[in-house]
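Engineer: Sharing a model prediction with you, sequence too.
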Amino acid sequence: MADIATHDTDHATDHGHHSSTGLSNNKLAMWLFLGSECLLFGGLISTYMLYRGRVQNGPHPSQIYDIPFTSVSSFVLLMSSLTMVLAVSSAQRKDDTKTNLWLLITALLGATFIGGQVYEFTTFYREGLGFTTSLFGSSFYSLTGFHGVHVSLGVIMLLALMGIIKKGKIVGDKAEVVELIGLYWHFVDIVWIIIFTLVYLIPS
Amino acid sequence: MTTVTETHEDAHEHGMSDAGYIKIAIILALITGLEVSTYYVDFGPLFMPSLLTMMVVKFVMVVSYFMHLKFDSKIFSFLFYVGLGLALFVYITALATFKFFIA
């Protein structure tokens, strides 16, 4: 019994805690969290769809959206998903140098996207679209702002993960920790895939 | 414990090669280019269906390949798609009560 207990403890340390299904509890929790996040963004997207045509004051969506600019931002975020999955792949090969390199590139691409969003918000504000200008403005800033906060948190998590890997302070399976952050990052990307189409490309 | 170890190691062996991920990213970039082209080119009655189809294809590709749902345990797929399905049901119902789908 003592041997079994020791073996279990060692395994938990090496590979994280697993449920009776043989699956990682951490991964199960992350997928459950992402499933619940669908409800959060579903609410924000639905609210935007309802209110995007409600413009009594201020500019109309078609007057302020800069599709070429947002397309480049979308492409940047999409490519960050590629660099993130390459980071996970490197982590699974236990190549710390490449893992950190891909994580850094992912964080930089995420920061570029956020920079673009700050520029877009500033431009819209100067063109007369404030948070309380119209229902369109409120729902637009709420939706894209919440997404921006998620991307910002993702960038912070990526940078923190890089620091933890460098200091060798990860407890358990390193590849799994990188994969969990990766799942969050890809989720942020798929939410933008929906926002880009429904908010920017489909006219109100 | 053997089962746990095997399951975990299998998960590492699953997935794709780096070249495979790059191919998926190229396909995603091409679809994004097509999406953007709908802003400049008149697709007529195909505009909305083509945009929504491309959005769903991109979504499924990222979830299946980059998030490994295609290769991982079905329980993860269940947790995520149930959340997504619930969100779709709740909000489509909510939008319908506001007569969103009536032109």
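Structural biologist: Arrived safely. Numbers count the residues shown, from 1 in each chain, chains lettered A, B, ... in the order given.
Engineer: in chain B, what residue is nearest chain A?
Structural biologist: Closest to chain A within chain B is residue B:83: 2.4 Å, counting by CB to the nearest CB. In short, each C-beta sits where N, CA and C put it, glycine included.
Engineer: neighbours around that residue, how many?
Structural biologist: For residue B:83, the number of neighbouring residues by other CB atoms under 10 Å in any protein chain shown comes to 20.
Engineer: quick one: the strand or helix carrying residue B:19 near chain A?
Structural biologist: For residue B:19, the host element (DSSP states H and E) is helix B:18-40. Yes. Contact of helix B:18-40 with chain A (CB under 8 Å from any CB of the partner chain) involves B:18, B:21-22, B:24-25, B:28-29, B:32, B:35-36, B:38-39.
Engineer: could you pull out the helices for chain B?
Structural biologist: For chain B, the helices defined by DSSP state H occupy B:2-13, B:18-40, B:47-61, B:74-97.
Engineer: ok now the last one, how far from the chain's centre?
Structural biologist: Pointing back at helix B:74-97 there. 13 Å (CA atoms, centre = their mean, to the nearest Å).
Engineer: Let's see it as CSV, backbone CA atoms only.
Structural biologist: Output in CSV follows, covering the C-alpha atoms of helix B:74-97 (Å, rounded to 0.1, in the frame of the first residue of the first chain):
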residue,chain,number,x,y,z
LYS,B,74,-14.6,13.0,-25.9
ILE,B,75,-15.4,14.3,-22.4
PHE,B,76,-13.6,17.5,-23.2
SER,B,77,-15.6,17.9,-26.4
PHE,B,78,-18.8,17.2,-24.4
LEU,B,79,-18.0,19.9,-21.8
PHE,B,80,-17.2,22.5,-24.4
TYR,B,81,-19.9,21.8,-26.9
VAL,B,82,-22.6,21.5,-24.2
GLY,B,83,-21.7,25.0,-23.0
LEU,B,84,-21.6,26.3,-26.6
GLY,B,85,-25.0,24.6,-27.4
LEU,B,86,-26.6,26.0,-24.2
ALA,B,87,-25.3,29.5,-25.1
LEU,B,88,-26.7,29.2,-28.6
PHE,B,89,-30.1,27.9,-27.4
VAL,B,90,-30.4,30.6,-24.7
TYR,B,91,-29.4,33.5,-26.9
ILE,B,92,-31.2,32.5,-30.0
THR,B,93,-34.4,32.1,-27.9
ALA,B,94,-33.7,35.5,-26.3
LEU,B,95,-33.2,37.1,-29.7
ALA,B,96,-36.3,35.5,-31.0
THR,B,97,-38.4,37.0,-28.2
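Engineer: Which positions within it qualify as buried?
Structural biologist: B:76-77, B:79-81, B:83-84, B:87, B:91, B:95 (16 or more other CB atoms under 10 Å in any protein chain shown).
Engineer: Show me the domain layout of chain B.
Structural biologist: Chain B breaks down into these domains under automatic domain parsing: B:2-69, B:73-103.
Engineer: got a markdown table for the ones you listed, with mean pLDDT too?
Structural biologist: Listed next are those as a markdown table, based on pLDDT from 0 to 100:
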| stretch | mean pLDDT |
| --- | --- |
| domain B:2-69 | 84 |
| domain B:73-103 | 87 |
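Engineer: out of the ones you listed, nearest to residue A:36?
Structural biologist: domain B:73-103 (5.9 Å; CB to CB).
Engineer: OK, contacts around the residue of chain B closest to chain A?
Structural biologist: Residue B:83 makes contact with A:32, A:34-39 under the criterion CB atoms under 8 Å, 6 or more residues apart in numbering or on different chains.
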